[in-house]
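> coordinates only, sequence not included:
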């Protein structure tokens, strides 16, 4: 079929137009990520001024300025509120939100399953078991000399152990995604039964701490914890961005990925490693915080699409925003009582998630 | 391009082989159809050719190089694969899905050239109006064509199509077979296609390989392979070949 000159010109024009569309879309995505980042900074600033003790924005600026130029008007209490209480808490919220959101994004992509969260494979149950051992049998493990790090170390170790068990079982069985999920759910039940057992035999004095831990809390994370989280998240985000194209294609399934030159087994292993690290680090310092890892990736994909080159930074920011907003509400809604952040995220997360399901069905 | 499949053996379990020592060759400018009953090993052979499955023994040589030892990216530049579309759930726009085919050439940033190649291929297949649509919301025929577009932007020497027309209406079947024929004739590519429609195989193939429980029953020109005896042995049905009809010369009926 021979094309006339006019047809050729319209064809070229269409291509130019479509190319422009593509470029515009790309710029819009980058702009959107920048806006999210701005929103996060604003929320963090607002959050730092809200709380049981009133510290207004001006004071916060003065306290921070005091670091560089000494200001006599600043009291020790104000300094403590900003640097020892609110700032670490806000940074923790941001980091944990980023960690869980990215872990969820990875898991949903690899499993090609929108219902998977960082906790689906039992990691949180394993971590809870480790934490409960550390809380209830702390004296028995005193010889390890872990001090205040006994709990996070145990939680982390059991989170990783759970993942290795699940992966090992799936590998022996058939290594398919459904076996992996089934093995994860089963191992998760096992550990949750063991946690119940520990609760059953534990002293009344240990029980509140255990229950409180399992609700998740962003307070009291040591500086070392913040450093560890920052390093883990930075490394993970760099790796996810580096392998963004491989991850994009893996969401179309193993066969397509292999035929397009992706080293599927390697990238899948790496993804499990990253997702386990992110989840385990977050859970071991802050307990089990639900729904961020499930909902944040969904919101991200709805807002910016599936391309990991954009969804990784966007999911980081969405997760951080979600958790920071939830925690700020939790700290202030019935102030001075602080609601555990796990409760608030689920309170916000569940209705939103249901809305997503209904909306999808409606389509 | 020359492909040599030598004594290929594969089994999903160690005991039962699905492919029991298959050999054949393909070169540029050839459309080869793999036909045979369900479970005769057609799809498995295709998956062994592009490393989705690792054969238990035997080799697949592409231009003298063993495909199993080829770096993944190099293989992806030479061989494109279109899976059965019913198996693919992909979220994302048509643009995103077709752009995946540029993966072997993209380092990180999508260049102007990549976008141009994708748009040109979409235009050639008359799919350009769908460029912003969500892949999942398309019809079966459109999805199948999009997956073929993805293979085209990969610009390989060899295309592997797994049942590209099985779930399509007659118009879409013809479109895709014509497209495959064009790739072979005009661009001197090679196409290996798993197909169930004997008439389509007869009409469009240069070579037909008829498989029966993991072994080659007959191979060669469509006319010599697709005859009464072979079809009866392999499928257990009687066929009549209508000399006067070019479009659908094979008429099959149950053995009585």
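Nice, I can see it. Keep in mind the model is a prediction, meaning the values are calculated, not measured.

> residue ranges with poor pLDDT in the chain?
This is for chain A. A:1-12, A:175, A:353, A:356-357, A:360-363 (pLDDT under 70).

> chain B was what I was after
B:85-88, B:243-248, B:252-256.

> spatially central residue in it, please.
Centroid-nearest residue in chain B, with Cα atoms, centre = their mean: residue B:161, separated by 1.7 Å.

> so who does that residue touch?
For residue B:161, the contact set (Cβ atoms under 8 Å, 6 or more residues apart in numbering or on different chains) comprises B:82, B:148, B:180, B:191, B:192, B:193, B:194. Where C-beta positions appear, they are placed from N, C-alpha and C, glycine not excepted.

> so residue A:355: helix, strand or coil?
helix (DSSP: H, G, I helix; E, B strand; the rest coil).

> could you report the neighbour count for it?
By the criterion of other Cβ atoms under 10 Å in any protein chain shown, residue A:355 has 10 neighbours.

> give me the distance between it and residue A:314.
For residue A:355, the distance to residue A:314 equals 20 Å [Cβ to Cβ, to the nearest Å].

> closest to chain A out of the contacts of residue B:161?
residue B:82 (8.7 Å; Cβ to the nearest Cβ).

> doesn't residue B:159 make contact with the closest one?
Yes: taking contacts as Cβ atoms under 8 Å, residue B:82 lies within contact range of residue B:159: 7.2 Å.

> tell me, what's touching those two both at once?
By Cβ under 8 Å, 6+ apart, residue B:82 and residue B:159 have these common neighbours: residue B:151.

> residue A:271 and residue A:106 touch, don't they?
Yes: using Cβ under 8 Å as the test, residue A:271 is close enough to residue A:106 to be in contact (5.0 Å).

> how far away is residue B:40 from chain A?
20 Å (Cβ to the nearest Cβ, to the nearest Å).

> helix or strand: which one has that residue?
Taking DSSP states H and E as the definition, residue B:40 sits outside all helices and strands.

> circling back to that earlier point, in terms of helices and strands, where is the residue nearest to the centre of chain B?
strand B:158-162.

> that strand pairs with which strands, and in what direction?
Applying DSSP bridges, strand B:158-162 is found paired with strand B:79-82 (parallel), strand B:190-194 (parallel).

> could you single out the most deeply buried of those?
Comparing those by mean neighbour count (mean count of other Cβ atoms under 10 Å in any protein chain shown), strand B:79-82 ranks first with a mean of 26.

> and residue 204, how many neighbours?
With no chain named, the answer covers chain A. Residue A:204, neighbours per other Cβ under 10 Å, totals 6.

> I was thinking of chain B, sorry if that wasn't clear
21.

> wait, it sits on residue B:180?
Yes: using Cβ under 8 Å, residue B:204 is in contact with residue B:180, at 6.8 Å.

> any common contacting residues for these two?
In contact with both residue B:204 and residue B:180: residue B:31, using Cβ under 8 Å, 6+ apart.

> how about residue A:181, nearest residue that isn't a chain neighbour?
Once flanking residues are discounted, residue A:181 sits nearest to residue A:120: 6.3 Å by Cβ to Cβ, 6 or more residues apart in numbering or on different chains.

> what is the neighbour count of whatever residue of the stretch 251-363 of chain A ends up closest to chain B?
Taking Cβ to the nearest Cβ, chain B has its nearest neighbour within the stretch 251-363 of chain A at residue A:261, 3.1 Å off. Residue A:261 has 24 neighbouring residues, counting by other Cβ under 10 Å.

> could you check which helix or strand contains it?
Counting by DSSP H and E, residue A:261 is found in no helix or strand.

> what residues does chain A put near chain B?
By Cβ under 8 Å from any Cβ of the partner chain, the part of chain A that sits against chain B consists of A:11, A:14-15, A:18-19, A:21-23, A:112, A:244-245, A:248-249, A:251-256, A:258-263, A:301, A:305-307, A:309.

> confirm residue B:33 sits in a strand?
Yes: Residue B:33: assigned to a strand according to three-state DSSP.

> tell me the contacts of the closest residue to chain B within the stretch 51-200 of chain A?
Per Cβ to the nearest Cβ, residue A:112 is where the stretch 51-200 of chain A lies closest to chain B, at 6.1 Å. Applying Cβ under 8 Å, 6+ apart, we find residue A:112 in contact with A:177, A:251, A:253, B:89.

> so which of those comes closest to residue A:60?
Nearest to residue A:60 out of those is residue A:251 (Cβ to Cβ; 42.2 Å).

> what sits closest to the closest one if chain neighbours are left out?
residue A:109 (4.6 Å).

> kindly report the same for residue B:2.
That would be residue B:27: by Cβ to Cβ, 6+ apart, it lies 5.0 Å from residue B:2.

> thanks again, I'm all set now.
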